[in-house]
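>>> Need coordinates for the following:
(chains A, B, C and D)
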2 protein chains.
Amino acid sequence: MAEGGPQTRRSTPATLHDVAREAGVSLATASRSLNGSTRKVNEEYRERVLAAAAKLGYTPNLSAQAVARGTSTTVALLVADIADPYFSSIAAGVVGAASGERLIVTMAETERDSERELELVRAMRGQRPRVMILSGSRSIDDGLAPALEAELAAYEQTGGRAVFISASDLPFRTLPLANRSGAKDLATELHALGYRRFAALTGPESLRTAHDRIAGFTEGLAPFGTGLADDRLVRTAFTRDGGYEGMRELLERGLGDTQLVFALNDVMAMGAMSAVRDAGLEPGRDVAIAGFDDIPTVRDVTPRLTSVRMPLERIGEQALRLALDDEADAASARAASADVSTEVVIRESTPRLEA
Amino acid sequence: MAEGGPQTRRSTPATLHDVAREAGVSLATASRSLNGSTRKVNEEYRERVLAAAAKLGYTPNLSAQAVARGTSTTVALLVADIADPYFSSIAAGVVGAASGERLIVTMAETERDSERELELVRAMRGQRPRVMILSGSRSIDDGLAPALEAELAAYEQTGGRAVFISASDLPFRTLPLANRSGAKDLATELHALGYRRFAALTGPESLRTAHDRIAGFTEGLAPFGTGLADDRLVRTAFTRDGGYEGMRELLERGLGDTQLVFALNDVMAMGAMSAVRDAGLEPGRDVAIAGFDDIPTVRDVTPRLTSVRMPLERIGEQALRLALDDEADAASARAASADVSTEVVIRESTPRLEA
DNA sequence: CTGTTAGCGCGTTCAC
DNA sequence: GTGAACGCGCTAACAG
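Numbering: from 1, shown residues only, chains lettered A, B, ... in the order given. Reported below is the predicted structural model:
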């Protein structure tokens, strides 16, 4: 089926040259008519060119344009895991915003490996992208950070623009995410609901995002003279399965008097809820659970999950805008981040505690 | 912070020419050392070139390579909605497989709009991608289909390779998905569990995938002399909110003696479960629910959702392989699709019915 | 094996 | 306003 049909001979795509010849004009005129930097071309010629282009099914070769112009229309996006709702939502935001700017986005997956991330940045540079957006997997004690910084510095020096989503120690534009304050707010509200004794499922200690969320949570608890005991912390993978395993471990250790488990992101929280259930307990009743990010599906689990809303799509959009904003500075980043502020959403997984 | 540092003057990326000069060799030698199709270059020169490249931080300009070679290393991927787990999983598969082939994937979102899809295909052609993968939103009575076909035919005639994920009427390579047989199997198993009276939440009537799934489900029910009454069908959007709204409508109409609601995909099913709950009923007990796709999160909802497993990541991989396989024909597509066969997964949302 | 040269498709100066 | 000619960064003949 796929190979059927009259074997029309394979040809090469129509070139601007073809269009010019077909229209009976020069290459320059054709070029001007089709993109016209300053449109100073006879209307009649213009139409002839457009007609010829349509007839030949001409599409400008973006690579050639990039070479000739010295700039591409590409934005490179690096994420830890495309299938993770957190990253796919951000990606959707980036792609949406890019589409509006007539930019094309290319995507790659770091798999949370900084070595791989570095390689990818290097490889992506080959595209001479206008901007490069790095999301996720920023570590605190990343030995490869200097190399990454050097690579990105070189990239920026040659006209590119690197943007990090969420805090990083590296000297590049950054769209700060309110991980710390969001977690702090969450802690405050949970305390108001009557919760006093907490445990947490955290990602790798070095993961910047995990670190900030834990720090914020602890900070929010401090005024009340409570906190997170070390033996109430479970380090695990920053994924659904990590959440499941972490909760299982916690249950094995014994929940003790723990009232609420804070999973550092929603997919972990969902895994944790399943682990609770598999242990014969009921999330929200036997142990409360809170997540972070407020990915769409948390509305559809039972009990509905308490979380901290991060406007993920908008974060993707703002990251691109921040990169494109020529005079972006600290103020601009602040403005962008104001647009992506968090909000605690209390749901059934953390019911008010009876006194 | 972002703008700090000594204003090192902005330069242009190192070119192959620079590397050659730095290494004291000719352009050709530099080129051969760095990519050398057939590595026939003096080891000493080679090393000098590599050293120079490293020193200068040289990265080959992919656009320039593409123009010179006449072929790019790009694969274009079109999906309906990036944030939807179905598509993000497929995308993850494509990106993963592409990475192995040293291909770069660019992504765009059709937003389930065939007009937009057509425009995107046209725009994407500008990249001269080696392959173009179209996933989702194939309609049965799509007026733009001829235009799309023409565009893709032109694309293939100029050396490109178009691949559809899931059936289409268009004459291009297609990775068939077992929507029909999967739904049929589901119906069979549900009947075995004791279910007799069904309703369904379906997407737009014209959506090919929706059509196939309904057809398969009906087919599976036929041998038992039962089926889906017209008034038990709710047409709604193919999204979570569509599922919610559809179920709400069904509940308003009155469930009657309906025992099970078949949502045509998992995100719809999850929305439907929430609607059931919001109506004060309990999914799985008051009304059974089944979905399709088996996206990861269905394991974490309550009750766990019965679904039909589609190996989404593998589907993405296979789509790319199918595109890359030079001698792909019907047999090859069949082989690939064998690798992406479905499997019914019965869970708690469809408990065995007491006789 | 190496260097020279002619393109690839397109943008853009520069004369006409 | 229009066209000829050069250059973008790189590959691929082609000679040496």
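
>>> The residue in chain A positioned nearest to DNA strand D: how many residues sit nearby?
Nearest residue of chain A to DNA strand D (C-beta to the nearest atom of the strand) works out as A:Asn42 at 2.7 Å. Heads up, the C-betas are built off the backbone N, CA and C, glycines and all. By other C-beta atoms under 10 Å in any protein chain shown, the residues close to A:Asn42 number 11.

>>> Can you show me the strands along the stretch 1-150 of chain A?
In the stretch 1-150 of chain A, the segments counted as strands under DSSP state E, counting those that start in this stretch are A:74-79, A:104-109, A:131-135.

>>> for the stretch 201-350 of chain A, that is, sorry about that
Going by DSSP E, counting those that start in this stretch, the stretch 201-350 of chain A shows strands at A:233-235, A:260-263, A:288-290, A:307-309, A:343-345.

>>> Distance from the last one to the middle of the chain?
With C-alpha atoms, centre = their mean, to the nearest Å as the basis, the distance from the averaged C-alpha position of strand A:343-345 to the chain average is 20 Å.

>>> Looking at the strands of the stretch 201-350 of chain A, which is nearest to A:Ser168?
Evaluated with C-beta to C-beta, these place strand A:307-309 nearest to A:Ser168, the distance being 20.4 Å.

>>> The closest one close to chain B?
No - Strand A:307-309 stays clear of chain B (C-beta under 8 Å from any C-beta of the partner chain), getting no nearer than 14.1 Å.

>>> mean confidence score for that strand?
Averaging pLDDT along strand A:307-309 yields 98.

>>> who touches the longest helix seen in chain A?
Counting residues, the longest helix found in chain A (DSSP state H) is helix A:85-100. Residues from elsewhere that reach helix A:85-100, judged by C-beta atoms under 8 Å, 6 or more residues apart in numbering or on different chains: A:75, A:77, A:79-82, A:104-105, A:107, A:133, A:135-136, A:165, A:265-267, A:293, A:295-297, A:312-321, B:81-83, B:85, B:88, B:91, B:107-109.

>>> Could you tell me the angle between that helix and strand A:131-135?
With axes from the mean of the first three to the mean of the last three C-alpha atoms, to 10 degrees defining the directions, helix A:85-100 sits at 160 degrees from strand A:131-135.

>>> which of the residues in helix A:85-100 are buried?
Within helix A:85-100, the residues that count as buried by 16 or more other C-beta atoms under 10 Å in any protein chain shown are A:85-99.

>>> how far is it from where the chain is centred?
Distance of helix A:85-100 from the chain centroid (C-alpha atoms, centre = their mean) equals 7 Å.

>>> Which residues are in contact with A:Leu78?
Taking C-beta under 8 Å, 6+ apart as the contact definition, A:Leu78 lies against A:107-110, A:117, A:120-121, A:124, A:132-136.

>>> ok so, going back, using a markdown table, lay out the strands of the stretch 201-350 of chain A together with distance to B:Phe172 and mean neighbour count.
Converted to a markdown table, the strands of the stretch 201-350 of chain A look like this (distance: least, C-beta to C-beta, whole Å; neighbours: other C-beta atoms under 10 Å in any protein chain shown):
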| stretch | distance to B:Phe172 | mean neighbour count |
| --- | --- | --- |
| strand A:233-235 | 48 | 18 |
| strand A:260-263 | 44 | 28 |
| strand A:288-290 | 47 | 27 |
| strand A:307-309 | 42 | 24 |
| strand A:343-345 | 45 | 17 |
